[in-house]
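Peer 1: Pasting the sequence and the predicted coordinates here, then a few questions.
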Amino acid sequence: MPNKKKKLDYEPHRSAEKAQACHVPGCNEAGLYKAPKSNGDLNSYCWFCLEHIRERNQRWDYFAGMDRDEIEQFLKDAVTGHRPTWTRETQVSTQYKKLQDALYEFLNMGAKRPQKQHPELPAKLRKALATMDMDYPYSMDGLKGKYRVLVKKHHPDVNRGNKQSEELFKQITSSYHYLMEYLKTSASAAS
Ligand SMILES: [Zn+2]
């Protein structure tokens with residue numbers, strides 16, 4: 001039996017003086033707890049605050065029935081977009097894709113998912129989509145929903161004094177307006 005996961009004690013892995021910030025974007029807590037990077041690189045580590053290491057480990061629990069190799073394979077599938085042969089039926093495969101996306105997000109703690117490539121789209125549009133962590137094509141509802149989530153997460157009131165968040169917040173807002181305009185323009189052009 002492979003060692004599925006180590007039981008986590010919540011003793012800090014390093015002292016507060018040496019700590020860098022928590023790995024989760026927007027979190028300003030000290031990263032006192034280490035965990036392996038999940039995306040195929042189990043030999044290097046990220047540092048998390050207590051709250052986020054707990055959250056992360058609960059997410060690993062989601063895979064209680066799988067061993068490390070299976071999880072890695074699952075993530076690889078999510079990244080490359082390959083579907084296992086048993087998901088031929090469209091609906092199943094759509095559900096499966098959604099599940100993969102959710103799991104990918106789980107394990108990467110909000111890190112950006114790889115984007116579908118659309119080289120035919122304007123560069124500005126692609127950049128805006130990447131900022132919003134969205135794929136093309138997108139819907140107005142999808143855009144609004146995503147915007148609400150991101151604004152909540154990166155609002156300057158929540159991340160006081162964090163320059164990076166402030167900059168990101170600006171980018172998100174301008175990307176949102178751009179994508180909204182683009183949608184309206186292309187809709188009226190099509191009709
Ligand atoms: Zn944190």
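Peer 2: Received it, and whenever you're ready, just let me know what you need.

Peer 1: need the residues of this structure near the ion, please.
Peer 2: 22, 24, 27, 29, 49, 52 (CB under 5 Å from the ion). In short, each C-beta sits where N, CA and C put it, glycine included.

Peer 1: mind running it again at 8 Å?
Peer 2: 22, 23, 24, 27, 28, 29, 31, 48, 49, 50, 51, 52 (CB under 8 Å from the ion).

Peer 1: if you go through the protein in chain order, where are the strands?
Peer 2: 20-21, 30-31, 33-36, 45-48 (DSSP state E).

Peer 1: Contacts for the first one next, please.
Peer 2: What that stands for is strand 20-21. Contacts of strand 20-21 from elsewhere in the structure, counted by CB atoms under 8 Å, 6 or more residues apart in numbering, are 27, 28, 29, 30, 31, 47.

Peer 1: how does it look with 7 Å?
Peer 2: 28, 30, 31, 47 (CB atoms under 7 Å, 6 or more residues apart in numbering).

Peer 1: Which of those residues has the largest number of neighbours?
Peer 2: residue 31 (26 neighbours; other CB atoms under 10 Å).

Peer 1: Setting aside sequence neighbours, what's the nearest residue to that residue?
Peer 2: residue 47 (3.0 Å; CB to CB, 6 or more residues apart in numbering).
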